[in-house]
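> return a 3D structure for these sequence lines:
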Amino acid sequence: MFKSTVEAMVADEKARSHHVLADRLQRALQNVPVTNSAELRRARAAGETS
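From the prediction side, this is the model:
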């Protein structure tokens, strides 16, 4: 959900000609590790912390 929200924000900012902000959001998104819910539950059950 986070990824799709940021992707929508990027598209919106590009449509408004805010290309610098759109590029920064896109770069930030590329640096965020994406983990699905099942992986998070398994990690928590195993006692791992993020």
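> can I get the longest helix seen in the chain as CSV, trimmed to CA atoms?
With secondary structure taken from DSSP state H, the chain has its longest helix at helix 2-15. Extracted in CSV, the C-alpha atoms of helix 2-15 (Å, rounded to 0.1, in the frame of the first residue of the first chain):
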residue,chain,number,x,y,z
PHE,A,2,2.9,2.4,0.8
LYS,A,3,4.5,1.8,-2.6
SER,A,4,1.3,2.4,-4.6
THR,A,5,0.6,5.6,-2.6
VAL,A,6,4.0,7.0,-3.3
GLU,A,7,3.8,6.0,-6.9
ALA,A,8,0.5,7.9,-7.1
MET,A,9,2.1,10.9,-5.5
VAL,A,10,4.9,10.8,-8.0
ALA,A,11,2.5,10.8,-10.9
ASP,A,12,0.5,13.7,-9.4
GLU,A,13,3.7,15.8,-8.8
LYS,A,14,4.8,15.1,-12.4
ALA,A,15,1.4,16.2,-13.7
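> and the helix or strand following that helix, what does it pack onto?
Downstream of helix 2-15, the next assigned helix or strand under DSSP states H and E is helix 19-30. In terms of contacts (3 or more Cβ pairs under 8 Å, 6 or more residues apart in numbering; DSSP states H and E), helix 19-30 is packed against helix 2-15. Where C-beta positions appear, they are placed from N, C-alpha and C, glycine not excepted.
> now do the helix it packs on, average pLDDT.
Across helix 2-15, the average pLDDT comes to 94.
> just the buried residues of that helix, please?
Residues of helix 2-15 classed as buried: 10, 13 (neighbour count, 16 or more other Cβ atoms under 10 Å).
> hmm, who's touching that helix?
Residues outside helix 2-15 that contact it (Cβ atoms under 8 Å, 6 or more residues apart in numbering): 19, 21-22, 25-26, 28-29, 32, 34.
> just the buried ones from the residues you listed, in ChimeraX syntax?
Selecting only the buried entries of the contacts of helix 2-15 in ChimeraX, with 16+ other Cβ under 10 Å as the criterion:
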select :22,25,29
